[in-house]
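[1] Show me how the following folds:
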Amino acid sequence: MEILWYNKSMIDVYYTYDKVASDDFIKMILAQYYNIPNAVICKSINGKPYIDGRKIHFNLTHSKEITALAVGKKRVGFDCECLTGKPRPAVLNKFTDREKGEIFSVGDFYTHWTARESYIKFYGETLANMWRKVEFFRGALYAHGEKTDMNVIQFEMNNYVFSICGDYSKVNLHEIKTNK
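    Have a look, this model is predicted:
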């Protein structure tokens with residue numbers, strides 16, 4: 001089945017609970033849904049995957065039992081975290097005071113975490129380099145203290161919180177079974 005791009009602001013998210021290697025999952029989705037067989041996956045200096053010469057953008061995330069891939073026509077940053085984890089005090093202390101004022105639960109913690117990480121992954125940067133330069137406050141992303149115009153879509157599904165950073169307004173979810 002090939003995905004048709006009727007809505008350019010739509011992002012497709014493919015996810016599986018099956019055990020699968022990251023690159024194998026990317027290659028499988030690109031071959032089955034985007035007619036890109038035997039994709040050669042390149043990596044940026046910081047590890048962001050891409051295919052040279054193709055006008056397709058994707059970003060991979062995984063947490064506990066889930067592996068998920070966001071695929072779209074425009075650049076994308078994507079992150080998810082399992083809500084059964086515990087907020088890490090060392091990480092919580094790295095959030096800004098404004099963010100800490102919004103974090104009252106595990107869900108709040110991971111909503112802020114995934115928003116920040118999806119923004120950082122959008123730019124192909126590293127957490128170590130960008131963490132203190134980014135803030136997620138009142139549903140908006142800030143970089144270097146200035147509010148950005150970056151859109152972030154967030155949703156919860158099956159005890160996971162997801163954040164998608166990019167010029168997208170709708171999410172199309174696809175559960176994939178890799179083990180037959």
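
[2] Hmm, Glu99 and Asp108 touching each other?
    No. Asp108 lies out of contact with Glu99 (C-beta atoms under 8 Å); the separation is 9.2 Å. Yep, even glycine has a C-beta here, placed from its N, CA and C like the rest.

[3] More neighbours: which of the two?
    Neighbours per residue, other C-beta atoms under 10 Å: of Asp108 and Glu99, the larger number sits with Glu99, 21 against 15.

[4] Next up, the contacts around that one.
    Glu99 makes contacts with 112, 135-137, as judged by C-beta atoms under 8 Å, 6 or more residues apart in numbering.

[5] mind listing which of the residues you listed are in helices?
    Judged by DSSP state H, the contacts of Glu99 include His112 as members of helices.

[6] any idea which of the contacts of Glu99 is closest to Ile164?
    Among those, Phe136 lies closest to Ile164 (C-beta to C-beta), at 13.4 Å.

[7] Report the contact partners of the closest one.
    Taking C-beta under 8 Å, 6+ apart, one finds 99, 111-112, 115-116, 119, 142, 152 in contact with Phe136.

[8] Check what pLDDT it gets.
    Per-residue pLDDT puts Phe136 at 97.

[9] What segments of the protein are strands?
    10-16, 42-43, 49-50, 57-63, 66-72, 76-82, 134-137, 140-143, 146-147, 152-157, 160-166, 170-175 (DSSP state E).

[10] In space, not sequence, find me the middle residue of the protein.
    The residue lying closest to the centre of the chain (C-alpha atoms, centre = their mean) is Phe78, at 1.0 Å.

[11] Report the separation between it and Tyr110.
    Using C-beta to C-beta, to the nearest Å, we find Phe78 at a distance of 14 Å from Tyr110.

[12] low-scoring pLDDT stretches of this protein, where are they?
    1-8, 87, 180 (pLDDT under 70).

[13] Just give the nearest non-adjacent residue to Lys86, would you?
    Leaving aside its sequence neighbours, Lys86 sits nearest to Val106 (C-beta to C-beta, 6 or more residues apart in numbering; 6.8 Å).

[14] ok, now how distant is the one you found from Ala31?
    37 Å.

[15] cool, and Arg54?
    Distance from Arg54 to Ala31, by C-beta to C-beta: 13 Å.
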